[in-house]
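Participant: coordinates only, no sequence provided:
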């Protein structure tokens, strides 16, 4: 494990839970940037701690890269020779101009970039819905208030608030572009406007708006850090109805007919499902639907570089 913040800790605990369920023998080491004692419930899951790349053994099955996005490229470069497979937290990089293709990727290795919303019950429902229904237009929004994300910490010091760490809504909220491409494929072109507009004390962008053109539809996407009422929704406009996929309340609403389909899921279940998918790939039980190349293409869209 390289990076034991909130998301790294989540993956660590899920990994132990799945390994117990599947009777997998597990030993986890950590590469750390400092010697601060790990929290209770985390430190006892770690066998060994290392503090430099050079000291890491060369025979790991998997490296989990869950440190700040700005460090991903360096971390991948330094650990490719030390593990057979990699689980890389999203977004894959903090910018699009890294020469990642020249790295020594192992042809048989699984290099997977996190995309947990693909496993959300609402997104899975919409994926099936699209097989039999034509959509004329799509509107998406992801809006929430950054200081409320982690009430016990200073939001101004968070990864999201600091551009130098790769923060900002375009990369931080890349989930939306990931599931849009998963549902509809790559658009013909994307236009993007973004910037810092609110009172928040951050130096990363707090808002971005995109218009994407497909052969048969337009898609608009709005992202922000300053919405005081959290919304994460996708609206589909069809011939007969307007369908709202509500990812916060785990439901799909048909606005004209009035039908509401509730799609409850346990808290954190999509992360467990994703990790099981990754482990299955390592056992040759599935294709990698979000490898590094695919994740870089998604990053290009999120950064607004595709015209």
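Facilitator: Here it is on my side, so go on. Small disclaimer: the values here were computed from a predicted structure and weren't measured.

Participant: roughly how far apart are the spatially closest residue to residue 123 that is not a sequence neighbour and residue 260?
Facilitator: Setting aside the residues directly before and after it, residue 123 is nearest to residue 179 in space (Cβ to Cβ, 6 or more residues apart in numbering), at 5.3 Å. (Each C-beta comes from the backbone N, C-alpha and C, glycine too.) Per Cβ to Cβ, to the nearest Å, residue 179 is found 21 Å from residue 260.

Participant: neighbour count: the two, which is higher?
Facilitator: residue 179 (25 against 12; other Cβ atoms under 10 Å).

Participant: quick check: which element contains that one?
Facilitator: helix 175-184 (DSSP states H and E).

Participant: and the next helix or strand past that helix?
Facilitator: The element immediately downstream of helix 175-184 (helix or strand, assigned by DSSP H and E) is strand 189-195.

Participant: for that next one, packing partners?
Facilitator: The contact analysis (3 or more Cβ pairs under 8 Å, 6 or more residues apart in numbering; DSSP states H and E) places strand 189-195 against helix 169-172, strand 207-213.

Participant: from the chain's centre, how far out does it sit?
Facilitator: 20 Å (Cα atoms, centre = their mean, to the nearest Å).

Participant: now do that strand: everything it contacts.
Facilitator: Contact with strand 189-195 is made by 168-170, 205-213, 301, 303-304, 306-307, as judged by Cβ atoms under 8 Å, 6 or more residues apart in numbering.

Participant: walk me through which strands that strand pairs with, and which way each runs.
Facilitator: strand 207-213 (antiparallel) (DSSP bridges).

Participant: how about the strand it pairs with: buried residues?
Facilitator: Within strand 207-213, the residues that count as buried by 16 or more other Cβ atoms under 10 Å are 207-210, 212.

Participant: let me see the mean pLDDT of the helix or strand just after it.
Facilitator: Using DSSP H and E, the helix or strand that directly follows strand 207-213 along the chain is strand 218-224. On average, the pLDDT along strand 218-224 is 98.

Participant: next: stretch 143-153.
Facilitator: Stretch 143-153 comes out at a mean pLDDT of 94.

Participant: endpoint to endpoint, that stretch covers what distance?
Facilitator: Using Cα to Cα, to the nearest Å, one end of stretch 143-153 lies 20 Å from the other.

Participant: what does that stretch contact?
Facilitator: So stretch 143-153 is contacted by 6, 155, 158, 160-161, 200, 202, 206, 222-232 (Cβ under 8 Å, 6+ apart).

Participant: same thing but 10 Å
Facilitator: 6, 154-156, 158, 160-161, 167, 169, 172-173, 198, 200-202, 204, 206-207, 222-233, 248 (Cβ atoms under 10 Å, 6 or more residues apart in numbering).
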